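Trainee: attaching a predicted model along with its sequence, questions to come.
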Amino acid sequence: MNIKKNKEIKSWIAVYTKSRHENTVKAELKKINFEVYLPLIRKKRRWSDRTKWVDFPLFKSYLFVKTELNEIHILKKIPGLVNIIKFGGKVAQINEKTIIAIKSMLSGHYDVESTDYFIKGDIVIVKSGPLKGSVGEVYRIDNSDRFLIRIDAIKQSISIKIDRGLLKKLGKTNKEIKVFNHFSQGVLTSRDSWCINHSKKELTKINRKLVFHKSLSKLPKLDVIMMLRVQKERISKNAKSYMNSFKKDFCLNLNHLKNQPYLMHPGPVNRNIEIDSKVLDSYSKSLILRQVDMGVYLRMACLDFILK
């Protein structure tokens, strides 16, 4: 495949691959002269007859590709490449310093591991060593301090063990967890109230506060937007008029997501009633499919518990 190059500035982007296709996609991209970075960590694996060190992707199913934005269409043709990570419908670009920081971690003989994407603890800057100048967050695991670098584009992080003497405190993270909760017809059931009170109680244990907002018109910067399904089967009169009114006041679109909150919905979604189709098809921080998937296992566990 011949690619015509121009002088546009190249940027790092993240792509998502099929499970265990990271190296395959990397090889295909290299064949057509793309610069690709696949962070790897080495782990010891033991079989019945031998022990061996094996390289694993630091971020499962993710690759970083340096490319001109007008070449994005070429990536979509690569076998095994599922998606290009986007924010608000636009390709998410990753800072060069972030890529350099990851490479420094992996080459600096640190104890490196990938972690879930979350915010907790103090903001710090590394004062010396290979990561000097890098800014991250500290949290504790088994009484050992960890340095955290967040990678927003793929909603993941890297953490390493590091001496607290190498860190300088810069400030605190936001202690409020802000949520837009989309309650049908604005009515809270006893179940809803229990969930809210339980969430507040649990968040208090980690020094967080839950703040609810019930209007899309003047949303502040949020951590999470939680939408719910309009139960059309329960609307007996003037259903069409009600749905049109609901869509006008509460249909979530990309303009509501400029601050990049996580998006949740238990499913199924009434497209273009609760959530605009563009959001469902392109918003990279949507947790809807994962939430629906986990809901299946939760129901299985509940049924198993009850039937026993």
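Mentor: Here it is on my side, so go on.

Trainee: following the helix or strand where residue 280 lies, which helix or strand shows up next?
Mentor: Using DSSP states H and E, residue 280 sits in helix 277-282. Sequence-wise, the next helix or strand downstream of helix 277-282 (DSSP H and E) is helix 288-307.

Trainee: neighbouring contacts of that following helix?
Mentor: Helix 288-307 has contacts (C-beta atoms under 8 Å, 6 or more residues apart in numbering) with 263-267, 269, 280. C-beta coordinates here come from the backbone N, C-alpha and C atoms, glycine included.

Trainee: what of stretch 240-255?
Mentor: 88-89, 182, 216, 225, 227, 230, 232, 235, 263, 272-276, 278-279, 283.

Trainee: now do 10 Å
Mentor: With C-beta atoms under 10 Å, 6 or more residues apart in numbering as the contact definition, stretch 240-255 has outside contacts at 87-90, 180, 182, 184-185, 214-217, 219, 225, 227-228, 230, 232, 235, 238, 263, 265, 269-280, 282-283.

Trainee: just the ones of the residues you listed in strands?
Mentor: Using DSSP state E, the members of the contacts of stretch 240-255 that fall in strands are 87, 90, 180, 225, 263.

Trainee: least confident pick among the residues you listed?
Mentor: For those, the model is least confident at residue 180; its pLDDT is 55.

Trainee: coming back round to it: out of the contacts of helix 288-307, which comes closest to residue 132?
Mentor: residue 263 (36.5 Å; C-beta to C-beta).

Trainee: report how many residues lie close to that closest one.
Mentor: When counting by other C-beta atoms under 10 Å, one arrives at 24 neighbours for residue 263.

Trainee: that one contacts residue 227, correct?
Mentor: Yes: assessed by C-beta atoms under 10 Å, residue 263 is found in contact with residue 227 at 7.3 Å.

Trainee: which residues do those two both contact?
Mentor: By C-beta under 10 Å, 6+ apart, the residues touching both residue 263 and residue 227 are 180, 252, 275, 279, 288.
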